[in-house]
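In: Please work out how this folds:
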Amino acid sequence: MSDQSMPTSVEQLADCVTAAQTAYEHSREATLAQRASWLEAVAAALESHAGELVPIAREETHLDEARLQGELKRTAFQLRLFADEIVRGEHLGATIDHADATWGMGPRPDIRRMNVPLGVVGVFGASNFPFAFSVIGGDSAAALAAGCAVVHKIHDGHRTLALRTGEIVVAALREAGAPVGLFATISGHAAAEALVDHPLVKAIGFTGSIAGGRVLFDRASRRPEPIPFFGELGSMNPVFVTKAAWTARRDEILAGYANAATMGMGQFCTKPGLLFIPECDAAEVAQALQAVFTSKQAAPLLTPRLREGFDAAVKAVGALPGVRVLIEGDGARAPSPTVLIAASADVRAQGAVLKEEMFGPATVIVQYRDESEFAELAQRLEGQLTCTLQAESDEDVAKLLSVVSEKGGRVLWNGWPTGVTVSYAQHHGGPYPATTAPSTTSVGTAAISRFMRPVAYQTFPDAQLPLVLRDGNPCGITRRVDGRWQPAVR
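Out: The predicted structure follows:
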């Protein structure tokens, strides 16, 4: 954009999207190896500029250096993992059914299918992960890996960092030979709305609040041509502790919970915001939690706006019937943790405590009388990114597991949900309002497929087919031929 110190105008946004469309039309003709080399180049550029980027991030977000270094490392790793993935071609889903006159339901024509990139993708950066879910984080990396062009709407919570990161990404792509315009950044409310509306934009990736995400989701759905909206909106990430686990590991569980709930000042989308424990001495629970809290250094929240939202949410949840304060936080610039507590009977009576997310260092403990309440309590939950079971290996938790598997995208056993590794099997998603597209993930190699769609080619001569689908497998990728998988040849 011409002046990055000012919000992007609607006219500038239109020019940016048009350039992205042109770049996409060139990019989709690139080989998988070429596209992988672009991702590798961006990863290397991020690493070479770490000494510049991390201090900027530290200044703007208040996050500690070790956390930011780890997040930048994760971002580079993810780019390289995607590069390796697309070279194998598994994301293309290449499937070939040769003509078969003896096919069980009658003669079968030659039909071949593959996934193709959607086009220009708009990505909205998150506030809480300035590298991993921001400019060249998961959504942007997945879209580029899929063969799309990306227009990234930066988050004002780390504007300087986002602008500089964008410059580094653009330069790295240019030097690697990628088409000009393949990646760009924009800013401002008007440009954000215009990005969702633009007819050349074919999908949106979003990480943020339920309120903001729902506005954009509805806007994308109202377009003359509705487009996919891959939004991550909100999650309580409940943890269910059985009586046996509580008896065997009470202090260990409380320490793990205290650490997970305050990691990053409680500003993780996977923060465990609900802990279900047996009825017990609340004072002892408070003492155990405080022992962990006092050992942790507090920091200001990411932005003043987030702080306002956090304070309002804590006040609202604390005012719900049956909810009382177990550990009272403070109004300091770097707030100490707040822990609220309620009986399961009160929660079942009004239910709002199971839905009100407090984005920051605050959580709710729910005390139950009997584990027979678990299934009903879990059933009252909305869609979640994660659900966790703290239980012993010989316990029968099948009924609870059945319910939480319907509610959550990732179910954990005796762990904590705040670590979301980038891998092949990872699923970071869940039913609404956790996400707007529960069958997809925003983390891991499967994220690439969100920004692709299948196309089938029927009775085409071999020479007219895309290289990916031609006989002889000239691209050397993984394919399924007549029902049998054939591995990539590299």
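In: where does the stretch 201-350 of the chain have low pLDDT?
Out: Within the stretch 201-350 of the chain, no stretch has pLDDT under 70.
In: Can you tell me the centre-most residue of the chain?
Out: Ser442 (4.0 Å; C-alpha atoms, centre = their mean).
In: Got phi/psi on that one?
Out: When read as degrees, to the nearest 10, the backbone of Ser442 gives phi -100, psi 0.
In: Repeat that for Tyr368.
Out: Residue torsions, per degrees, to the nearest 10, at Tyr368 are phi -110, psi 160.
In: give me the beta-bridge partners of it?
Out: Pro278 (DSSP bridges).
In: ok, back up a step: show me what contacts the residue nearest to the centre of the chain?
Out: Contacts for Ser442 were tallied using C-beta atoms under 8 Å, 6 or more residues apart in numbering; they are 133, 138-139, 142, 205, 207, 230, 232, 428-429, 435, 450. For glycine as for every other residue, the C-beta is placed from the backbone atoms N, C-alpha and C.
In: give me that answer again for 7 Å
Out: 138-139, 230, 232, 428-429 (C-beta atoms under 7 Å, 6 or more residues apart in numbering).
In: Could you do Ala33 as well?
Out: Val87.
In: same question, Asp100
Out: Contacts of Asp100 by C-beta under 7 Å, 6+ apart are Arg108.
In: try it again with 10 Å
Out: Residues near Asp100 by C-beta atoms under 10 Å, 6 or more residues apart in numbering: 106-110, 482.
In: which residues of the stretch 251-400 of the chain fall in helices?
Out: 282-293, 304-318, 344-350, 374-379, 398-407 (DSSP state H, counting those that start in this stretch).
In: what mean pLDDT does stretch 34-41 have?
Out: Across stretch 34-41, pLDDT averages out at 98.
In: contacting residues around it?
Out: With C-beta under 10 Å, 6+ apart, stretch 34-41 has contacts from 27-28, 30-31, 76, 78-88, 117, 136, 141, 144-147, 169, 171-179, 182-183.
In: Now, these that are in helices?
Out: 27, 76, 78-88, 141, 144-146, 169, 171-175 (DSSP state H).
In: so what are the domain limits for the protein?
Out: Using automatic domain parsing, the domain ranges for the chain come out as 10-233+438-485, 238-413.
In: now these in JSON lines, with distance to Thr421?
Out: Below are these laid out as JSON lines (distance: least, C-beta to C-beta, whole Å):
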{"stretch": "domain 10-233+438-485", "distance to Thr421": "8"}
{"stretch": "domain 238-413", "distance to Thr421": "11"}
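In: do you know which of the ones you listed lies nearest Ser423?
Out: Between Ser423 and the domains of the chain, the tightest spacing by C-beta to C-beta is seen for domain 10-233+438-485, at 5.6 Å.
In: for that closest one, the distance to its chain's centre please.
Out: With C-alpha atoms, centre = their mean, to the nearest Å as the basis, domain 10-233+438-485 stands 13 Å off its chain's centre.
In: ends of it, how far apart?
Out: Domain 10-233+438-485 stretches 48 Å from its first residue to its last (C-alpha to C-alpha, to the nearest Å).
In: Kindly report the same for stretch 387-404.
Out: Counting by C-alpha to C-alpha, the terminal residues of stretch 387-404 are separated by 6 Å.
In: Go through that stretch and flag the buried ones.
Out: Judged by neighbour count using 16 or more other C-beta atoms under 10 Å, the buried positions of stretch 387-404 are 387-391, 397, 400-401, 403-404.
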